[in-house]
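Chemist: The following comprises the amino acid sequence and a computationally predicted model.
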Amino acid sequence: MSTTATEQPAAPAAPAKPQTLTFAAALNAALADEMENDPMVVVYGEDVGTLGGVFRITDGLTKRFGDHRCFDTPLAESGIAGTAVGLAMGGARPVIEMQFDAFAYPAFEQVASHIAKMRNRTQGAVPMPLVIRIPYGGGIGGVEHHCDSSESYYAHTPGLKVYTPATVADAYLMLRAAIRLDDPVVFMEPKKLYWSKAAVTLEELRAEFETRWANVEARREHGEPYARAAVARTGTDLTLVSYGPSVPTCMAAAAAAEEEGVSVEVIDLRTVVPLDEETVVTSVRKTGRAVVVAEPQGYASVASELVARIQQACFHSLHGPVLRVTGFDIPFPAPKLEHHHLPSVDRILDAVDELMWDAESEKADSADQAQQAGASR
Amino acid sequence: MTETAQTDHPDQSGQTDSSRAAQRFGISLEDYLLPTHGRIQLVDQDGALLPTEDQGTTPGHEYPMPSDEELLEGYRHLVIGRRVNDQNYALVRQGRMAVYPSSHGQEASEVAAALCLEQRDWLFPTYRDTVAVLARGVEPLEVMASFRGTWHQGYDPHEHRTSVQSTPLTTQLLHAVGMAQAARLKGEDTVVLGMVGDGGTSEGDFHEALNFAAVFKLPVIFFIQNNKYAISVPLARQTAAPSLAHKAVGYGLAGERVDGNDLAALLAVLGRAVKLCREGGGPFLVEADTYRMQSHTNADDATRYREDDEVSQWAAQDPVPRMRTFLSERGVLTEELEQQISAQAEQVAAGLREAMSQEPVIDPLELFDHVYTVQTPQLAAQRELLAEELARAAQGSAQHQTGQEGQK
C-alpha cells in the first residue's frame, strides 16, 4: 500500500516469497495490535468471543485480552450499534462486528441517526471514534441474507466513512487506521477475500504501519493516511475503477486484456468515503476511457456516483462514454445463480472491447490508409 | 461484562442474585424484581403527607422521605421548569421558536431525573426532557438552540454529562447502556439514567437496552415517564402489561412504579435506585405515573383524542402546587423563599424572551465544518460554492441598498 497514488508496490524479489498471510489473519492481527496499543479499544458482537467470529476474524482476542475487551453480546444488532454510541461518547473506541452484511439492517437507525450525525449535531463536541466491521459482497455461495452488497447505503449517509480493503496488506493497514480515526468507519470486508493470501509478513506490515502513522501524526491536518486510492496496475488505454471484492476481478480482466494488446490501468479506491477523485481523474484523463466495476445493483449506487464524477471531470479527455459493469438491479441471487449477477472477467472485457472499438477502427483505418498510400505510390 | 450472565449463577463470592436480594432485603428474588402493588406515593395530591401504610411500600421496597433541603431544591427546579415550559409554549405561538414539546404537568419527574444524579453521573434525555436538562445545569439558551432551529443541538454533552436530547424514540437508552460500559472499562462508578416515554417502550431498542443492561449488570436506571399518550395513541395501544414497571422482571432487573407527580416519592425511589446501582445492584426500571397536560407539540391538537374530564382529573394532581403546599405546611418553604424562587423563574423566562426576540447569528458555512474530523475535498468544494453564493447575495443587497439611497 502506498501513501501516494502513483507509487507502485515494490515488485516481489525473485524468487517470490511464499504467500503465507491471509486476509483474515491480517485483520485479526490489526485488531490485536490496536487492542494492545490502546486499552480503550473494545471488540464485540455476535460470536466474536469464545468462537472467534463466524469468519474467525476475532480468533483468540477474548483469551488474550479478557472478556471485558472482546465479548459476545445478546443477539441484537441495534443494541450492538447503539451501545457503541455510548461507549464512544464515554471515551472508548468500540470495534463492532455485524455478522453478515444483510444482518446489519436492524442497526441502521443507530448508524444513520446517531453514529453518522453525532459529530455534526454537537458541532464537533461528540465525535464517534468507532468501527463497524461488516463482511460483505458475494462470491462465497452464501444463502439468502448472507450475501448483500450494502455499501451504497453507508456511502450515501454523510458522516460515515466507508473503507473497503482489497489486499492483505490493506486489510491490516486500513483496519488499524480506521480504529485510530475519530470519525465512524464502516469497514466493509469482502468476504470472498478472507482466505486470499499474500507474500507479506506481519512484521513488515507492522513496521510499515508505524512509519506511516508517524508521518500522519506529523501532518495531522492533512487527515487520513489511507484515504488515497491505489493504482493497482498501470496502463495506458483504459481505466478500470473499482474497490473491494471487484478489484481482483479487474486485475484478472486487465491481465487478459493485455494478452489482446490492450493496456488497462486498475484503480482500487480503498475508501469509498472519502473518495480520492484526484487519482481517478488523473488516470482517466490519461487513458481517455473508463469502466466502473462494482458488485452491487447499479441503480443509484457508488458506481453511478463515480460515473457522474468521471464524466464531469474528464469529459474533454474521453474517447467514449463511461461504462459500468455492476450487478443487476435484482435482490442478491441464490448461490447457484450469483455468478450470473456478479461482475465477471468476461463482462468486464466486453465493456473494454466496447470502449476500445474506436481504437480498433482507428488502427484499422490507419492500416487502410497506409495500404492505400502504399498502393498509390 | 466480566460478570456471569445468568441471573442465578453464583458470583465470585459464591452468592447468587436471589441470595443477595434475600439477604439484603429479606425477600425473594421475584419479590425484589417485581414492583410493589400500586405505586409509591409519599405526598397526596393535596400536598399532605400520606400515612406510612398508604405509601405503597412493602418489605424490601422501603422509601424514606428525602431531606427538606433536597425537596426545597427540587421545588425550585419545579417552579423554574414550569415557567420555562409555559414561556416556550408562548414563544412558539409567537413564531419565535420553531417547536417545543412541553413537559407541563410532568415537571416533578423531569426534575427528579436530574437531581437524583451526581455531577459525575450521566443523563440521556429525550426531546421532551428540556426541564431535566436544565436541572442538570445546562444553560437555557444552549438547550433551546434545537427548538429554535439554529442547530440540531446547542450544548456540549460532556460539560454537564447530559447527552443530546434524542428524537428517534428510545435509541438513547442504548447509548446510556454503552456509557455505563465505558465507565466500567475506565473503572469509574458512574450511574447512568436514560429517559423514555410510554410510547417508547414499544420500540425494539427498549427491549435491547434493558436486556443488554441486565445481562451485563450495568448501573443504568431506565426511567419511563408514562404520560399516557404517544402523540394521540393511548397506553392501551402500547402494552397489555399490568404496568410498564412489570416489564423489568422479564429481563431480570428490578422495577418500581411511582407517582410521577409526587416529587418526594420520585426523589426517594430514584435516589434508592442510584444508590443501589452505585453499589453494583443495577440496573433498574422506574415507571413514573404522570400525564402530558398539553398537546404533543404546538402542532398537535389533544382535544381530538382525549376527554376534558380526564385532563381535569390530572390537573388536580399537578406536581407544583402539591409540593408548594407540602413544603409550606412543613415550614420549609417561607413566603420569602417562594418570592425568591418565583423571581428566579421569571428571570430565566425573561432571558429566553429577550434572546428569542433577537435575530440568531448563524454562519451557514458551518454546515460543512463538523461532518468529518477533516473536511473531504468534495465538502470543501461545496463549501466554496455556498460561500460564493453568499458573497454574491451580500454584494447584491449592498448594491440594492446603495441604489435605494441614491434615489432618495
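Modeler: Looks like it arrived, so ask away. All values derive from a computational prediction rather than experimental measurement.
Chemist: How about the residues of the stretch 101-250 of chain A by chain B?
Modeler: By the rule C-beta under 8 Å from any C-beta of the partner chain, the part of the stretch 101-250 of chain A lying against chain B is A:106, A:109-110, A:113-114, A:117-127, A:158-159, A:161, A:181-183, A:221-224. Every residue, glycine included, has its C-beta placed from N, CA and C.
Chemist: which of the residues you listed are buried?
Modeler: Buried subset of those (neighbour count, 16 or more other C-beta atoms under 10 Å in any protein chain shown): A:106, A:109-110, A:113-114, A:117-123, A:125-127, A:159, A:161, A:181-183, A:223-224.
Chemist: what about the strands in the stretch 201-350 of chain B?
Modeler: With strands called from DSSP state E, counting those that start in this stretch, the stretch 201-350 of chain B shows them at B:220-226, B:229-230, B:233-234, B:254-259, B:284-289.
Chemist: Including distance to B:Asp68 and mean neighbour count, could these go into TSV?
Modeler: Shown next, in TSV, are these (distance: least, C-beta to C-beta, whole Å; neighbours: other C-beta atoms under 10 Å in any protein chain shown):
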stretch	distance to B:Asp68	mean neighbour count
strand B:220-226	24	30
strand B:229-230	34	20
strand B:233-234	38	14
strand B:254-259	19	26
strand B:284-289	22	28
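Chemist: and the buried ones among the residues of the stretch 101-250 of chain A next to chain B, which of them are in helices?
Modeler: A:Glu109, A:Met118, A:Arg119, A:Asn120, A:Arg121 (DSSP state H).
Chemist: B:Thr52: which of the residues you listed is nearest?
Modeler: A:Glu109 (45.6 Å; C-beta to C-beta).
Chemist: just checking, the closest one touches A:Glu77?
Modeler: No - with contacts counted by C-beta atoms under 8 Å, A:Glu109 stays clear of A:Glu77, the gap being 10.2 Å.
Chemist: Which residues are in contact with the closest residue to B:Asn298 other than its chain neighbours?
Modeler: Of all residues beyond its chain neighbours, the one nearest B:Asn298 is B:Val92 (4.6 Å), with distances taken as C-beta to C-beta, 6 or more residues apart in numbering or on different chains. With contact set as C-beta atoms under 8 Å, 6 or more residues apart in numbering or on different chains, B:Val92 has these partners: B:Ala98, B:Val99, B:Tyr100, B:Phe147, B:Thr297, B:Asn298.
Chemist: residues in contact with B:Phe212?
Modeler: Contacts for B:Phe212 were tallied using C-beta under 8 Å, 6+ apart; they are A:Thr73, A:Pro74, A:Ala76, A:Gly79, A:Thr83, B:Leu174, B:Val177, B:Leu218.
Chemist: Of the residues you listed, just say which sits nearest to B:Val233.
Modeler: For the contacts of B:Phe212, the residue nearest B:Val233 by C-beta to C-beta is B:Leu174; the value is 22.9 Å.
Chemist: How about the backbone phi and psi for that closest one?
Modeler: Per-residue torsions, B:Leu174: phi -70, psi -30 (degrees, to the nearest 10).
Chemist: what about the closest residue to it other than its chain neighbours, neighbour count?
Modeler: Ranked by C-beta to C-beta, 6+ apart and with sequence neighbours excluded, the top spatial neighbour of B:Leu174 is A:Gly82, at 2.6 Å. When counting by other C-beta atoms under 10 Å in any protein chain shown, one arrives at 31 neighbours for A:Gly82.
Chemist: by contact count, what packs against the helix or strand hosting A:Gly82?
Modeler: Taking DSSP states H and E as the definition, one finds A:Gly82 inside helix A:77-89. Here helix A:77-89 is seen to pack against strand A:41-45, strand A:93-97, helix B:171-186, helix B:204-215 when contacts are counted using 3 or more C-beta pairs under 8 Å, 6 or more residues apart in numbering or on different chains; DSSP states H and E.
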